[in-house]
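Student: below is the sequence, then the predicted model.
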Amino acid sequence: MVDVTLVRYSFEGEKFEIMVKPDPALDYKMGKRKDISSVLVSDEVYSDSGKGTRPSSEKLLKAFKTEDQTEIVKIILEKGDLNLTTDQRRKMIEDKRRQIITFIAKTFVDPKTHSPHPPLRIEQAMKDGRVSIDPHKGADEQAKDIVDKLRSIIALKSENLQLEITIPAQFASKSYAVLKSAGSLKKEEWQNNGSLKAILEIPAAARSNMIDRLGSITKGSATVEVIQ
């Protein structure tokens, strides 16, 4: 027996539903699958699948600006809300929780030590604060409100550091791409010998990771000093 769930879409008070396979539908919504036919249980569009009622052609045309059944189903699938199974919701919440913890650890520091909190400490604070996770919202989007709740439990501060970095010539071009992606390059000076001197502004919590990445690329030959 095929597992079935629904994707629901509303337009000006009118409701539309399609029946889909739970895991393939979630893969499609997350961009991991492109073949719609492998997602659908059927291409029927319902106003109430439980009662088996279908919307009129006029309502479909008004809502979707087309009578093409395939296009209508595609719009519902892409814009509608997928009714998650219990297992899917649990897994998505857990994945989102890990993303949020990673985001906080990389972005915020303990103002007393200017170092990031360990992920386990952040996770425990989220448990103590009874923080709820929305599986549909992005980690960055939720993090701000969550950080506000956590501040009564652990000290969190967002602060930036400026690093003065010198990279030997043979590693300069490869390291430059890392610097550009890691933060804001405030200054860059290419020396006559091909080496690079730069001032990079990054979140304080990202300092250790930045030093590790440069150390790996330059085999430990880069110098990194905090200037602010």
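Tutor: That came through fine. Predicted model, so just to flag it, every value in this text is computed and none were measured. Numbering: from 1, shown residues only.
Student: what about the longest helix along the chain, distance to the chain center?
Tutor: Counting residues, the longest helix in the chain under DSSP state H turns out to be helix 86-107. From the chain centre to the centre of helix 86-107 is a distance of 9 Å (C-alpha atoms, centre = their mean, to the nearest Å).
Student: element containing the residue lying farthest from the centre of the chain, please.
Tutor: Distance from the C-alpha centroid of the chain peaks at Asn192, with 41.2 Å (C-alpha atoms, centre = their mean). Counting by DSSP states H and E, no helix or strand carries Asn192.
Student: and the contacts of the longest helix of the chain?
Tutor: Applying C-beta atoms under 8 Å, 6 or more residues apart in numbering, the external contacts of helix 86-107 come out as 22-23, 26, 84, 116-119, 122-123, 126, 133-135, 137, 139-140, 142-143, 146-147, 150, 156, 158, 203, 205-206, 209. Using the backbone N, CA and C atoms, a C-beta is placed for each residue, glycine as well.
Student: ok, 6 Å please
Tutor: Outside helix 86-107, the residues that touch it by C-beta atoms under 6 Å, 6 or more residues apart in numbering are 26, 116, 119, 122-123, 133, 135, 139, 143, 158, 203, 205-206.
Student: CA atoms only: put it into PDB for me.
Tutor: The C-alpha coordinates for helix 86-107 follow below in PDB (Å, rounded to 0.1, in the frame of the first residue of the first chain):
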ATOM      1  CA  THR A  86       5.500  12.400  12.100                       C
ATOM      2  CA  ASP A  87       8.800  11.000  11.100                       C
ATOM      3  CA  GLN A  88       9.500  13.700   8.500                       C
ATOM      4  CA  ARG A  89       8.600  16.500  11.000                       C
ATOM      5  CA  ARG A  90      10.800  14.900  13.700                       C
ATOM      6  CA  LYS A  91      13.800  14.600  11.300                       C
ATOM      7  CA  MET A  92      13.400  18.100   9.800                       C
ATOM      8  CA  ILE A  93      13.100  19.600  13.300                       C
ATOM      9  CA  GLU A  94      16.300  17.800  14.400                       C
ATOM     10  CA  ASP A  95      18.200  18.900  11.200                       C
ATOM     11  CA  LYS A  96      17.000  22.500  11.700                       C
ATOM     12  CA  ARG A  97      18.100  22.400  15.400                       C
ATOM     13  CA  ARG A  98      21.600  21.300  14.400                       C
ATOM     14  CA  GLN A  99      21.700  24.100  11.700                       C
ATOM     15  CA  ILE A 100      20.600  26.700  14.300                       C
ATOM     16  CA  ILE A 101      23.100  25.500  16.900                       C
ATOM     17  CA  THR A 102      25.900  25.700  14.300                       C
ATOM     18  CA  PHE A 103      24.800  29.200  13.200                       C
ATOM     19  CA  ILE A 104      24.800  30.500  16.800                       C
ATOM     20  CA  ALA A 105      28.200  28.900  17.500                       C
ATOM     21  CA  LYS A 106      29.700  30.600  14.400                       C
ATOM     22  CA  THR A 107      28.100  34.000  14.900                       C
END
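Student: next SSE after that helix?
Tutor: helix 119-128.
Student: who touches that following helix?
Tutor: Under C-beta under 6 Å, 6+ apart, the answer for helix 119-128 is Ile101, Ile104, Ala105, Leu150, Ile153, Ile154.
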